[in-house]
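In: Provided below are the primary sequence and the corresponding predicted coordinates.
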Amino acid sequence: MEILKTLWKSPIGPKTTHFWGPVFNWSLPIAAYVDRNKPPEQISGRMTGVLCVYSALFMRFAWMVQPRNLHLLVCHAANETVQLYQFSRWVNAQGSSPQQEKEEPES
């Protein structure tokens with residue numbers, strides 16, 4: 001019971017945005033993970049790129065903010081990982097798109 005009291009009174013406990021921000025932010029990496037089996041043609045390259053930059057910036061923020069927010073850091077590291085995977089799927093799909101094959105001259 002003492003552990004719960006300590007967590008409740010903590011500067012990064014459930015009474016603060018340092019706790020609830022990362023909790024709700026987990027929806028981003030979870031959604032990207034669930035989408036890993038969808039066709040790469042459905043991936044938005046621009047949006048995935050923006051999410052990669054967003055997570056990289058907020059990883060730094062989570063490290064620099066006081067009190068240091070490791071929960072947010074881990075959340076954004078997970079998001080960065082899955083977004084980079086999705087971005088690589090999108091890039092690979094762009095390299096082998098049917099439009100590109102039609103544009104190439106036949107030998």
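Out: Okay, I see it.
In: the one residue sitting closest to the centre of the chain and residue 63: what is the separation?
Out: When the chain is reduced to its mean C-alpha position, the closest residue under C-alpha atoms, centre = their mean turns out to be residue 79, at 2.1 Å. The gap separating residue 79 from residue 63 is 15 Å, by C-beta to C-beta, to the nearest Å. Quick note: C-beta positions are derived from backbone N, CA and C, even for glycine.
In: and what of residue 75?
Out: Residue 75 is 12 Å from residue 63, by C-beta to C-beta.
In: what of residue 87?
Out: Residue 87 is 23 Å from residue 63, by C-beta to C-beta.
In: quick check: longest helix of the chain.
Out: Determined from DSSP state H, the single longest helix within the chain is helix 70-95.
In: may I see the buried residues of that helix?
Out: By 16 or more other C-beta atoms under 10 Å, the buried positions in helix 70-95 come out as 71-73, 75-76, 78-80, 82-84, 86-87, 89-90.
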